[in-house]
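S.K.: sharing a model that was predicted from the sequence below.
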Amino acid sequence: MIRLDKYLADMGIGTRSAVKQMIRKGQVQVNQETAARPELKIDEQNDKVQVNGQTIGYAAFEYYMLHKPAGVVSATEDKRDKTVIDLIESRKRKDLFPVGRLDKDTEGLLLITNDGALAHQLLAPKKHVDKVYYAKVHGWVTEDTVSQFAKGLNIGTDDAEEWTRPAKLVIVQAGDDSEIRLTIQEGKFHQVKRMFQAVGMEVTYLKRESMGSLVLDETLKPGEYRELTTKELENL
């Protein structure tokens, strides 16, 4: 059970104070009857809530798979740039956030939700969740590079060392401009780029392909999204 004003505020109808005004003006109906009190308790699963005749369904949690495009920031709000939350046009809740961050110029899988417990399970370093990236790298990636990544790299400065956990580097194509696939279990700031910088190379394109059991749906074009399937959510 949940208060009527919280129910409507959670679904983005307005602030709690704005919703209370709507209720007082007779704009809200519960089970076909005009609601008179903001504190009225609602059964989220069975009661029918409407605002000016429009049914407002309730979602305690939402889960979206987004193919993040380049040029969009991984934030809930930003004064200058479009955010990943802005892309989720069908969202019901106003408290969604991205699980982890992808750099502004990085593409690929991003989970958008309001489930803080799940986010912690995926992001906590002690959980050792695999994150797989595909990258194009300016520089010749060799088996020696693979060995260096497997041991862990110092991506810090001369004044302050910062070591990564061992990572799995797979060479897709070697050359002056190489293609690789990298599996890490951390999410340090600009980590993939800094790892290659540490071995004298530069990442020119970066895309996250998976996070734990969740794999990017390749039918999603950059900027497109869909809700997670029941199976995907169970696996997570």
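M.R.: Happy to help now that I have it. These figures come from a predicted structure and were not determined experimentally. Numbering: from 1, shown residues only.
S.K.: and residue 151, how far is that from residue 141?
M.R.: For residue 151, the distance to residue 141 equals 15 Å [C-beta to C-beta, to the nearest Å]. All C-beta spots, glycine's among them, are computed from the backbone N, C-alpha and C.
S.K.: how about the helix or strand containing residue 182: buried residues?
M.R.: Take DSSP states H and E as the rule and residue 182 turns out to sit in strand 177-184. If you call a residue buried by 16 or more other C-beta atoms under 10 Å, then strand 177-184 has these buried ones: 177-180, 182-184.
S.K.: which neighbouring elements make contact with that strand?
M.R.: Identification of packing neighbours for strand 177-184 by 3 or more C-beta pairs under 8 Å, 6 or more residues apart in numbering; DSSP states H and E yields strand 131-138, strand 168-173, helix 191-198.
S.K.: contacts for it, please.
M.R.: Applying C-beta atoms under 8 Å, 6 or more residues apart in numbering, the contact partners of strand 177-184 are 130-141, 149, 164-165, 167-173, 191-192, 195, 201, 204, 209.
S.K.: ranges for the helices of this structure?
M.R.: Under the criterion DSSP state H, helices of the chain are mapped to 4-10, 16-24, 116-123, 143-151, 191-198, 230-235.
S.K.: which of those helices sits closest to residue 52?
M.R.: Nearest to residue 52, of all the helices of the chain, is helix 16-24, at 8.5 Å by C-beta to C-beta.
S.K.: got the contact list for residue 233?
M.R.: residue 63.
S.K.: hmm, back to that, will you turn the helices of the chain into TSV that also has distance to residue 35?
M.R.: Rendered in TSV, the data for these read as follows (distance: least, C-beta to C-beta, whole Å):
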stretch	distance to residue 35
helix 4-10	6
helix 16-24	6
helix 116-123	30
helix 143-151	60
helix 191-198	50
helix 230-235	32
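S.K.: a markdown table for those helices, including distance to residue 53 and mean pLDDT?
M.R.: A markdown table is the format used below for the helices of the chain (distance: least, C-beta to C-beta, whole Å; pLDDT from 0 to 100):
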| stretch | distance to residue 53 | mean pLDDT |
| --- | --- | --- |
| helix 4-10 | 14 | 93 |
| helix 16-24 | 13 | 95 |
| helix 116-123 | 34 | 94 |
| helix 143-151 | 59 | 98 |
| helix 191-198 | 50 | 97 |
| helix 230-235 | 31 | 95 |
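S.K.: figure out which of the ones you listed is closest to residue 61.
M.R.: Comparison of the helices of the chain against residue 61 by C-beta to C-beta identifies helix 116-123 as nearest, at 8.3 Å.
S.K.: which secondary structure elements does the closest one contact?
M.R.: Against helix 116-123 (3+ C-beta pairs under 8 Å, 6+ apart) you get strand 107-113.
S.K.: repeat that for 10 Å
M.R.: Packed against helix 116-123, as judged by 3 or more C-beta pairs under 10 Å, 6 or more residues apart in numbering; DSSP states H and E, are the following elements: strand 97-98, strand 107-113.
S.K.: list the buried residues for it?
M.R.: 118-119, 122-123.
S.K.: ok, the residue nearest to residue 155 when sequence neighbours are not counted to residue 218 distance?
M.R.: Closest residue to residue 155 apart from its sequence neighbours, by C-beta to C-beta, 6 or more residues apart in numbering: residue 194 at 4.0 Å. Note on residue 194: its distance to residue 218, by C-beta to C-beta, is 27 Å.
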